[in-house]
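Q: Got a predicted structure plus its sequence, pasted below:
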Amino acid sequence: MERMEFVTMVKIRPGSGRNKSDTGGLNLSAWQELKDAIERIGGRVHVVKNVLGNDYDVLLIGDTQSPKTLHQIDATCKAQGYEAKTHPAIDADEYAALAEATVQVLQLNPVGHMRPTREPNGSPLASGSDSSVQQKSAGNSQNPTETQKHASN
């Protein structure tokens, strides 16, 4: 099974002096304790950084083989007295492919709007049709009666 990368943002809970260094982030032994706990549940932590700002105190970057580990990381952090949010992380080219696949699934048109699934009268559109395509091709119909109808509109 292929390994998946993750990022975890950790917040030391307000009022909790637990494992804080004098500078406000996690102290070195707390980093190691948290890293070891994540490794026990199947994650590998490669990078641990203190974060400047107010939202989170620590950023962890790692990988795992199991998507279940992503949820377990947050639970492990909570059990140790931290708030955490863990997300899968992917490379830019994989993200671009995912975005393109999402467009196909959602049937977005090139400008990012949902393609209509119903006619203005409420009836379902024929499978694979798009009103903008229908409008463009209406004047080019092989059926002269249909062309005249659209020309008079």
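A: Nice, I can see it.
Q: what residues are up against residue 60?
A: Residues counted as contacts of residue 60 (CB atoms under 8 Å, 6 or more residues apart in numbering) are 7-10, 34-35, 38, 45, 47-48. Where you see a C-beta, it was placed from the backbone N, CA and C, and this is true even at glycine.
Q: Quick check on these: which are buried?
A: Buried by 16 or more other CB atoms under 10 Å: 8-10, 34-35, 38, 45, 48, out of these.
Q: From these, which land in strands?
A: 8-10, 45, 48 (DSSP state E).
Q: in this protein, what spans have low per-residue confidence?
A: 1, 13-26, 108-118, 127-153 (pLDDT under 70).
Q: so where do the strands sit in it?
A: 4-12, 43-50, 58-64, 82-89.
Q: For those, give me TSV that also has distance to residue 122.
A: Formatted as TSV, the strands of the chain follow (distance: least, CB to CB, whole Å):
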stretch	distance to residue 122
strand 4-12	43
strand 43-50	50
strand 58-64	47
strand 82-89	39
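Q: Cheers, nothing more for now.
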